[in-house]
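Q: Any chance you could fold what I've pasted below:
(chains A and B)
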Amino acid sequence: DAGITQSPRHKVTETGTPVTLRCHQTENHRYMYWYRQDPGHGLRLIHYSYGVKDTDKGEVSDGYSVSRSKTEDFLLTLESATSSQTSVYFCAITPELNTEAFFGQGTRLTVV
Amino acid sequence: GNSVTQMEGPVTLSEEAFLTINCTYTATGYPSLFWYVQYPGEGLQLLLKATKADDKGSNKGFEATYRKETTSFHLEKGSVQVSDSAVYFCALRRAGANNLFFGTGTRLTVIP
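A: Reported below is the predicted structural model:
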């Protein structure tokens, strides 16, 4: 398995609270991604990073922010969680462009 | 734009049956195409890929051929096993980009 650890694995939070999900990799890969997985949509890209402090938006970035202060960590923050952000969140990494993506085991987030 | 349309599931087959999961895509240029598999409780794993027209990707008895004329990348396996029960995702990565566009996923259940 690629060295990707997501934490927490499960979380229940209340509407309006901030939430931070963590992705930690031991592969020293340059690119990191956050996807959300929802029924009927597959996986959709939220944000991605192409290096320390270098991030960009994906197709469903509204309501989310990210930070990458170290190569190994990529944080996803929901500033004020809403029920529509109930989902399973996956982190992925790639070493370079046009290379295989490796996925973490996912974080199931429920916003009540 | 870029999109992937995948056969709706769920699909239930008996062991040793033939499997086909249809996937068609829309993309500019010449994308790379992928099949990912997600076993229960796990992240996505790359099953196979093809990077140019007429390429055939294969792994673990699964095959898919990149058909540019029909914009398709159908997944096939001649004889499924109970251990193949999982969710299968078709995905594309457009040329020069690094993020993936996913289909909605197809849940396969193989019964003994």
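
Q: how about the residues of chain A near chain B?
A: Neighbours of chain B within chain A, by C-beta under 8 Å from any C-beta of the partner chain: A:4, A:31, A:33, A:35, A:40-45, A:48, A:50, A:58, A:90, A:92, A:94, A:97-98, A:100-101, A:103-106. For the C-beta atoms, the positions are set from N, CA and C on the backbone; glycine is no exception.

Q: Separate out the buried members of those.
A: Buried residues within the residues of chain A next to chain B, counting neighbours by 16 or more other C-beta atoms under 10 Å in any protein chain shown: A:4, A:31, A:33, A:35, A:42-45, A:48, A:58, A:90, A:92, A:94, A:101, A:103-106.

Q: Just the ones of the residues you listed in strands?
A: Counting by DSSP state E, those place A:4, A:31, A:33, A:35, A:42-45, A:48, A:90, A:92, A:94, A:103 in strands.

Q: Would you reformat those as JSON lines and include distance to A:Arg22 and pLDDT?
A: Listed next are those as JSON lines, based on distance: C-beta to C-beta, whole Å; pLDDT from 0 to 100:
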{"residue": "A:Ile4", "distance to A:Arg22": "11", "pLDDT": "94"}
{"residue": "A:Tyr31", "distance to A:Arg22": "17", "pLDDT": "94"}
{"residue": "A:Tyr33", "distance to A:Arg22": "14", "pLDDT": "96"}
{"residue": "A:Tyr35", "distance to A:Arg22": "15", "pLDDT": "97"}
{"residue": "A:Gly42", "distance to A:Arg22": "23", "pLDDT": "87"}
{"residue": "A:Leu43", "distance to A:Arg22": "19", "pLDDT": "92"}
{"residue": "A:Arg44", "distance to A:Arg22": "20", "pLDDT": "94"}
{"residue": "A:Leu45", "distance to A:Arg22": "18", "pLDDT": "95"}
{"residue": "A:Tyr48", "distance to A:Arg22": "16", "pLDDT": "95"}
{"residue": "A:Phe90", "distance to A:Arg22": "13", "pLDDT": "96"}
{"residue": "A:Ala92", "distance to A:Arg22": "14", "pLDDT": "95"}
{"residue": "A:Thr94", "distance to A:Arg22": "19", "pLDDT": "90"}
{"residue": "A:Phe103", "distance to A:Arg22": "15", "pLDDT": "93"}
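
Q: separation between A:Glu72 and A:His29?
A: Distance, A:Glu72 to A:His29, by C-beta to C-beta, to the nearest Å: 9 Å.
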